[in-house]
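Participant: sequence first, predicted model second:
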Amino acid sequence: MTAEFSLDLSPDAGEIERINAKLDEVGEAESWAPAFDYNIRLVVEELLMNIIMHGAENGECEIRLSFKSTSEDVTITIADNGLPFDPLTDASTPDLDGDIAEREIGGLGVHLIRNFVDDIGYRYESGKNSITFSKRK
């Protein structure tokens with residue numbers, strides 16, 4: 001089974017509900033395992049929130065999510081015209097060993113993303129950030 005969709009999103013956390021509704025449709029149709037479903041949703045939410053919080057200037061940003069599911073994997077691309085930012089190289093590395101009260105805030109989301117997907121890549125081209133990740137089923 002192959003499923004594909006694209007969504008144009010505003011830089012608003014409320015858009016996560018709309019994304020989750022589409023993921024519900026595909027996940028139910030393909031009988032995704034709960035852990036797989038959780039990983040996909042967490043990564044999408046983390047990437048979207050990073051764009052909203054750090055990339056959207058004055059709350060303005062055009063975001064496009066493209067989704068494709070095949071029998072082997074799910075691939076998602078999130079593109080935006082916000083501030084250039086490569087979360088794979090520009091985000092700080094979190095301190096996972098220090099006392100939690102003394103750790104710097106930030107970086108943990110990117111760490112989780114790297115551990116929850118099988119492949120991930122970033123590019124900045126023609127004024128747009130684009131991050132693509134895939135997760136094998």
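Facilitator: Here it is on my side, so go on. Because the structure is a prediction, the values reported are computed rather than measured.
Participant: what ranges do the helices span in this structure?
Facilitator: All helices of the chain, identified by DSSP state H, fall at 15-30, 34-50, 87-90, 108-116.
Participant: can you give me the buried ones in the helix-or-strand element of the chain with minimal mean pLDDT?
Facilitator: Taking mean pLDDT, DSSP states H and E as the measure, the chain has helix 87-90 as its least confident helix or strand, at a mean of 78. Going by neighbour count (16 or more other Cβ atoms under 10 Å), the buried part of helix 87-90 is Pro87. (Glycine included, C-beta is placed from N, CA and C.)
Participant: only C-alpha atoms, please: export that helix in PDB.
Facilitator: The C-alpha coordinates for helix 87-90 follow below in PDB (Å, rounded to 0.1, in the frame of the first residue of the first chain):
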ATOM      1  CA  PRO A  87      19.000  21.300  13.300                       C
ATOM      2  CA  LEU A  88      21.400  18.500  12.500                       C
ATOM      3  CA  THR A  89      24.500  20.700  12.800                       C
ATOM      4  CA  ASP A  90      23.300  24.000  14.300                       C
END
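Participant: can you list the neighbours in contact with that helix?
Facilitator: Leu47, Asn50, Val110, Ile113, Arg114, Ile120, Gly121, Tyr122, Ile131 (Cβ atoms under 8 Å, 6 or more residues apart in numbering).
Participant: count the neighbours of the third one for me.
Facilitator: So the one you mean is Val110. When neighbours are counted by other Cβ atoms under 10 Å, Val110 registers 21.
Participant: so where's this protein shaky on pLDDT?
Facilitator: 1, 91-108 (pLDDT under 70).
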